[in-house]
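Asks: give the three-dimensional model of this entry:
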Amino acid sequence: MSSSDHLVFDRALIDRRRLRAFADPGTASARFLLQTVAAELADRLALVERRFGTAVDLAGHSGEMAALLAASGQSDTVLRIEREAALLAGWPLSVVADEEALPLAPSSVDLVVSPLSLHLTNDTPGTLVQIARALRPDGLFLAALLGSETLSELRASLLTAEAELVGGVSPRVAPFVDVRDAGGLLQRAGFALPVTDQDRLTVRYDSLFALVADLRAMGMTNMLAERSRRIPPRALFFRAAAIYAERFSDPDGRLRATFEVVYISGWKPHESQQKPLRPGSAKMSLSEALKDRSSFE
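Replies: Alright, predicted model coming up:
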């Protein structure tokens, strides 16, 4: 995107927070979400009975996705792409590059997998087009993105608290992809056989502050370009914590936090793939099918 007016995410800030989070060994336990999603993507890939010459782990950050791809035996080569070189330490084949400006030649890779990254791009449709262009014919794209219901409890609590205290609100929780739009994005990018589905993970916390600590350890605190630069008053978070406890607690007092994960997949078009029948090419008419059915009634 050429104008800062169109930027949703401050990606430089995202990079700094991720680097800080992954440099701190104390944040390892907060990677449960990325680990869960990487394992699910690996399981889905295992259902595809074919081998991929060159696979790409696109912005997996921790390297766990790349390690699973290498261990699967389904790829000859695994290339990692990250915006920050520090995240690539120790991986034999890697490139420092932006997801929004992929350094991949057309038709040069066979598989692209991206866990929990593409929902934080400012030009997600353009990124998908680049991925499709980089895949060889009959190449596969798999990704997981955070969905629109992610952290809905936290968003509602913060908005209500801020409206009460200051009479207005500022964006504090990022907008995420709607599963109903994901398939359309794949089709617009030129993928064949697009598939989308969603999963919801509910994580329970002792308090809003424990949730925020995990988000900070994940590098997922407010990264919106239009975020307020003012230091929020402490009263805001105390009031939000009270609202969260009132509205979203279980009988034992622990709080629910929703993480909606949208899984998407698509193939680079190839003549060997299944195609819908041409209009008029059916061997039996609808009236004949209904007539046959009525004979059994």
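
Asks: C-alpha from now on. contacts and neighbour counts both.
Replies: Fine.

Asks: can you list the weak-confidence ranges in this structure?
Replies: Segments of the chain classed as low confidence (criterion: pLDDT under 70) are 1-6, 167-174, 226-229, 275-297.

Asks: most centrally placed residue in the chain?
Replies: By Cα atoms, centre = their mean, the chain has its centre lying nearest to residue 145, at 1.5 Å.

Asks: what helix or strand is that residue on?
Replies: strand 135-146 (DSSP states H and E).

Asks: kindly report the same for residue 80.
Replies: strand 75-82.

Asks: now residue 129
Replies: Secondary structure assigned from DSSP H and E places residue 129 in helix 124-134.

Asks: other residues contacting that helix?
Replies: Residues from elsewhere that reach helix 124-134, judged by Cα atoms under 8 Å, 6 or more residues apart in numbering: 99-102, 104-109, 112, 118, 121, 141, 185-186, 188-191, 268.

Asks: chain center to that helix: distance?
Replies: Here the centre of helix 124-134 is set off from its chain's centre by 15 Å, with Cα atoms, centre = their mean, to the nearest Å.

Asks: can you list the buried residues in that helix?
Replies: By 16 or more other Cα atoms under 10 Å, the buried positions in helix 124-134 come out as 124, 125, 126, 127, 128, 129, 130, 131, 132, 133, 134.

Asks: what about the first one, distance to residue 97?
Replies: I take that to be residue 124. As judged by Cα to Cα, to the nearest Å, residue 124 and residue 97 stand 16 Å apart.

Asks: what does the last one give?
Replies: In this structure, residue 134 lies at 14 Å from residue 97, with Cα to Cα as the measure.

Asks: same check on the third one?
Replies: Per Cα to Cα, residue 126 is found 15 Å from residue 97.

Asks: which stretches in the stretch 1-150 of the chain count as strands?
Replies: Under the criterion DSSP state E, counting those that start in this stretch, the stretch 1-150 of the chain carries strands at the ranges 52-58, 75-82, 94-96, 109-115, 135-146.

Asks: for those, give me a markdown table that also has distance to residue 157.
Replies: What follows is the strands of the stretch 1-150 of the chain, written out as a markdown table (distance: least, Cα to Cα, whole Å):
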| stretch | distance to residue 157 |
| --- | --- |
| strand 52-58 | 33 |
| strand 75-82 | 34 |
| strand 94-96 | 38 |
| strand 109-115 | 28 |
| strand 135-146 | 19 |
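
Asks: need the winner for burial among these.
Replies: Mean neighbour counts were taken over these using mean count of other Cα atoms under 10 Å, and the top value, a mean of 25, falls to strand 109-115.

Asks: what angle sits between that one and strand 52-58?
Replies: Angle of strand 109-115 versus strand 52-58, following axes from the mean of the first three to the mean of the last three Cα atoms, to 10 degrees, is 30 degrees.

Asks: strand 109-115 packs against which elements?
Replies: Contact analysis of strand 109-115 by 3 or more Cα pairs under 8 Å, 6 or more residues apart in numbering; DSSP states H and E lists helix 32-46, strand 52-58, strand 135-146 as its packing neighbours.

Asks: can you rerun that using 7 Å?
Replies: Counting contacts by 3 or more Cα pairs under 7 Å, 6 or more residues apart in numbering; DSSP states H and E, strand 109-115 packs against strand 52-58, strand 135-146.

Asks: could the ones you listed go into TSV alongside distance to residue 78?
Replies: Shown next, in TSV, are these (distance: least, Cα to Cα, whole Å):
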stretch	distance to residue 78
strand 52-58	5
strand 135-146	14
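
Asks: roughly how far out does stretch 27-36 sit from the chain middle?
Replies: 15 Å.

Asks: please name the residues that touch residue 11.
Replies: Contact analysis of residue 11 by Cα atoms under 7 Å, 6 or more residues apart in numbering lists nothing.

Asks: state the distance from it to residue 224.
Replies: Taken as Cα to Cα, the span from residue 11 to residue 224 is 9 Å.

Asks: re the thing from before, to residue 24, which of the strands of the stretch 1-150 of the chain lies closest?
Replies: Nearest to residue 24 among the strands of the stretch 1-150 of the chain is strand 75-82; the distance by Cα to Cα comes to 18.4 Å.

Asks: tell me the angle of that closest one relative to strand 109-115?
Replies: Using the same axes, to 10 degrees: strand 75-82 against strand 109-115 is 50 degrees.

Asks: then strand 75-82 to PDB, C-alphas only?
Replies: What follows is strand 75-82, C-alpha atoms only, in PDB (Å, rounded to 0.1, in the frame of the first residue of the first chain):
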ATOM      1  CA  SER A  75       9.200 -32.000   1.200                       C
ATOM      2  CA  ASP A  76      12.800 -32.200  -0.200                       C
ATOM      3  CA  THR A  77      13.600 -28.700   0.800                       C
ATOM      4  CA  VAL A  78      12.100 -26.300   3.400                       C
ATOM      5  CA  LEU A  79      12.700 -22.600   2.900                       C
ATOM      6  CA  ARG A  80      11.900 -20.100   5.700                       C
ATOM      7  CA  ILE A  81      10.900 -16.500   5.000                       C
ATOM      8  CA  GLU A  82      10.900 -13.900   7.800                       C
END
